[in-house]
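>>> Kindly generate the corresponding structure for this input.
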Amino acid sequence: MTGKEFVNSLANDKSDIIQILLDILAKTDSRYCLIGGLAVNAYVEPVVSLDLDIVAAAESIGAICRAAKERGLKVEQFEHSVNITSDSSDLRIQLQSDPRYQSFVSVAEDRNMLGYKMKVARLEDVLQGKVWAYMDKARRKSKRQKDLADIFRIIEKYPQLEETLPQSIREELNK
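Below is the predicted model:
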């Protein structure tokens, strides 16, 4: 089974929503990068997730949303994100519009993820995004715990990055 077949099977995906998204990004000439848990998987042992978090260049978000709607995808806008979903897939795409992530796009690296060629945020940027997510007290506790686990996964493989973490997270690592 290929990576694409695995993720599409796992997500009960009958439409290959990841390929649709990549086609939309190419059609709209959008600069982007993968962030979040799946981006963590690009650098450490993978874990399963049905969330695909990306950041796109701010000027491209409107065009991406229009193209997604044209392809029959559901688009929901929130304060710092746009969720893109399909009735034919359990995979959830979250297009992050928080301006803190914009600098990640210009230094993203090409990686093969789940059988797809994608731009992925640099390891240091993925870690920074996880720190921001974990430190956000408004997030659900279960999501924050997953963010902390992702931080742990990165630091276990790349211990030299521990010194870049806030003291409160370093204390959590050493409990």
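
>>> Give the buried residues for the top helix by length along the chain.
Looking across the chain with DSSP state H, the single longest helix is helix 141-157. Buried positions in helix 141-157, judged by neighbour count with 16 or more other CB atoms under 10 Å: 144, 146-148, 150-151, 153-155. In short, each C-beta sits where N, CA and C put it, glycine included.

>>> Present those as CSV; the columns should include distance to residue 61.
Converted to CSV, the buried residues of helix 141-157 look like this (distance: CB to CB, whole Å):
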residue, distance to residue 61
144, 26
146, 25
147, 23
148, 29
150, 25
151, 27
153, 29
154, 27
155, 32
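
>>> Residue 166: which of these is nearest?
Nearest to residue 166, judged by CB to CB, of the buried residues of helix 141-157 is residue 151 at 10.4 Å.

>>> list the contacts for the closest one?
Taking CB atoms under 8 Å, 6 or more residues apart in numbering, we find residue 151 in contact with 127, 130-131, 134, 165, 169, 173.

>>> One more: residue 122?
Residues near residue 122 by CB under 8 Å, 6+ apart: 104, 107-109.

>>> Quick check: it vs residue 90, distance?
29 Å (CB to CB, to the nearest Å).

>>> Report the distance from stretch 74-94 to the chain centre.
12 Å (CA atoms, centre = their mean, to the nearest Å).

>>> Could you list the residues in contact with it?
Contacts for stretch 74-94 (CB under 8 Å, 6+ apart): 7-8, 11-15, 17-18, 20-21, 36, 50-54, 61, 64-65, 68-69, 72-73, 95-98.
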